[in-house]
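# Pasting a predicted model and its sequence here:
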Amino acid sequence: MMASLENIENIESYLLALGLVLMIAELLLGFSIILLFTLGVSLLITSGLVFLDVFEPSLLNLFIAVSVLDTLLMVLLWKPMKYLQRDKAPQSVKSDLVGNVIELTQDTGPTHPSTVQYSGVTWKVKCSEPLPAGTQVVIEDVEVGSLIVKINR
């Protein structure tokens, strides 16, 4: 014989627990599935409504309450949640090398790239103007494998 929801004591506790589990799962997934969050919140609200005796905890009442709340939350939270999922522009990483002065060992320029040995690494040197070997330059920025330099004035 199958137990009905009317015979389950403290159904609001089960709804609360399931809602929390869904919200934690959504948090662990990084808000990638908006439905888990809204369903979790719907279950929490329904649990509170059952606890406050707003309606009888029958299967139909619980289904309707969760469905209506989930639909409302999905409509209200769609744009804010999609905003959380957006791709963020990569941020420039600050390097300890920026601001250091080095001496060029080769002629270099915008069309004539060169390399320099610095801090135990061979770097490509990029600059916006032609510079002869022996010029003191300041490191402006660092990219993967490249130093962007300007003349030290």
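The structure has been received and is ready for your questions. Numbers count the residues shown, from 1 in each chain.
# Buried residues, the lengthiest helix in the chain. List them.
Counting by DSSP state H, the longest helix found in the chain is helix 59-85. Of all the residues in helix 59-85, those buried under the rule 16 or more other C-beta atoms under 10 Å are 61-62, 65-66, 69-70, 73-74, 81. In short, each C-beta sits where N, CA and C put it, glycine included.
# Looking at the residues you listed, which is nearest residue 43?
Distance to residue 43 across the buried residues of helix 59-85 (C-beta to C-beta) is lowest for residue 66, with 6.2 Å.
# Okay, the closest one and residue 96: tell me how far apart.
Note on residue 66: its distance to residue 96, by C-beta to C-beta, to the nearest Å, is 54 Å.
# Can you pull the phi/psi pair for residue 125?
The phi/psi pair for residue 125 (degrees, to the nearest 10) reads phi -110, psi 130.
# Show the pLDDT at it.
On pLDDT, residue 125 comes in at 92.
# for the one 4 residues further on, same thing?
The predicted local distance difference test score for residue 129 is 90.
# what about the strand ranked longest in the chain, distance to the chain center?
Longest strand in the chain, counting residues (DSSP state E): strand 136-143. Centroid separation for strand 136-143 versus its chain: 31 Å, with C-alpha atoms, centre = their mean, to the nearest Å.
# Could you pull out the helices in this structure for me?
Secondary structure of the chain (DSSP H): helices at 11-28, 34-51, 59-85.
# which residues touch the second one?
Among residues not part of helix 34-51, those counted as contacts by C-beta atoms under 8 Å, 6 or more residues apart in numbering are 11-13, 15-16, 18-23, 25-26, 29, 31, 55, 57, 62, 65-66, 69-70, 73-74, 77-78, 81-82.
# Let's see that with 7 Å instead.
With C-beta atoms under 7 Å, 6 or more residues apart in numbering as the test, helix 34-51 has contacts from 11-12, 15-16, 18-20, 22-23, 25-26, 31, 55, 57, 62, 65-66, 69-70, 73-74, 77, 81.
# distance between the ends of stretch 116-125?
Using C-alpha to C-alpha, to the nearest Å, one end of stretch 116-125 lies 7 Å from the other.
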